[in-house]
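Novice: sequence and predicted structure are below.
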Amino acid sequence: MHITSISGSPSERSRSAWLTQFALTRLEGVATRSEHIAVRELPAGPLLFADMNDPAITRAVEAVAGAGLVIVGTPIYKAAYSGLLKLFLDLLPPDALRGKTVLPLATGGSAAHLLALDYALKPVLSALGARHVLDGVFATDAQLQRHESGGYVPDPDLLARLDRALEPIVPAARVRGDTELSCRR
């Protein structure tokens, strides 16, 4: 399975970017190919002006087009996904997610932002043709504690919710269980 992950965080060391990468580690052995798009690393001018002739933008859009599973990770700001993610999603063709499985992931300061997955992110994913959207996973800052190595440590409840969300892709018995190793990534 070709998996493309999209990180819509403007911060390099963000919880949402880490959670997006961590979800990929839970799918090791399932992915025949995986690509990661850190939207913050795309060239700003072409991203802002929707320059589809820019090679980096073209590669990122093609990575989504070739995926069977798309993981979309974002921090929640003011009850919505990041503006950076919105810029990238606006570059995608209207049916870019049709026929793909989509896993929405989000992080926020408190559980008060939990519904942003359902009321802000899922509608735009549906507008892009997504019909098979896995259960979204939302994590609060408290559920992703900083690890001394620079990563984060997911609490057991978050880990269980992520594994449940991934069950349609990979049976629970095959989901990678090496949490300690993965926290350091």
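Specialist: Now that the structure is in, tell me what you want to look at.
Novice: list the contacts for residue 45?
Specialist: residue 51 (CB atoms under 8 Å, 6 or more residues apart in numbering). C-betas here are computed from N, CA, C, even on glycine.
Novice: can you give the strand pairings for the helix or strand that contains residue 107, parallel or anti for each?
Specialist: Secondary structure from DSSP states H and E places residue 107 in strand 101-108. Counting by DSSP bridges, the strands paired with strand 101-108 are strand 69-77 (parallel), strand 132-133 (parallel), strand 137-140 (parallel).
Novice: so which of those strands is the most surrounded?
Specialist: strand 69-77 (a mean of 26; mean count of other CB atoms under 10 Å).
Novice: burial measure for residue 168, as a count.
Specialist: Neighbourhood size, residue 168 [other CB atoms under 10 Å]: 13.
Novice: swap in residue 28?
Specialist: 14.
Novice: from residue 151, how far out is it?
Specialist: 16 Å (CB to CB, to the nearest Å).
Novice: ok, now residue 41?
Specialist: Distance of residue 41 to residue 151, computed by CB to CB: 19 Å.
Novice: okay, these two: which has more neighbours?
Specialist: Neighbour count, other CB under 10 Å: between residue 41 and residue 151, residue 151 has more, with 18 against 12.
Novice: sorry, back to before: so for residue 98, which of the strands paired with strand 101-108 sits nearest?
Specialist: When the strands paired with strand 101-108 are compared by CB to CB, strand 132-133 sits nearest residue 98, at 9.7 Å.
Novice: pLDDT on that closest one, on average?
Specialist: For strand 132-133, the mean pLDDT works out to 96.
Novice: and the residue of the chain positioned farthest from its centre, what does it touch?
Specialist: Relative to the centre of the chain, the most outlying C-alpha is that of residue 53, 24.8 Å out, by CA atoms, centre = their mean. Residue 53 sits next to residue 46 when contact means CB under 8 Å, 6+ apart.
Novice: regarding it, what is its secondary structure?
Specialist: Classification of residue 53 using DSSP: H, G, I helix; E, B strand; the rest coil returns coil.
Novice: quick one: residue 30 and residue 170 touch, right?
Specialist: Yes - counting by CB atoms under 8 Å, residue 30 does reach residue 170; the two are 4.9 Å apart.
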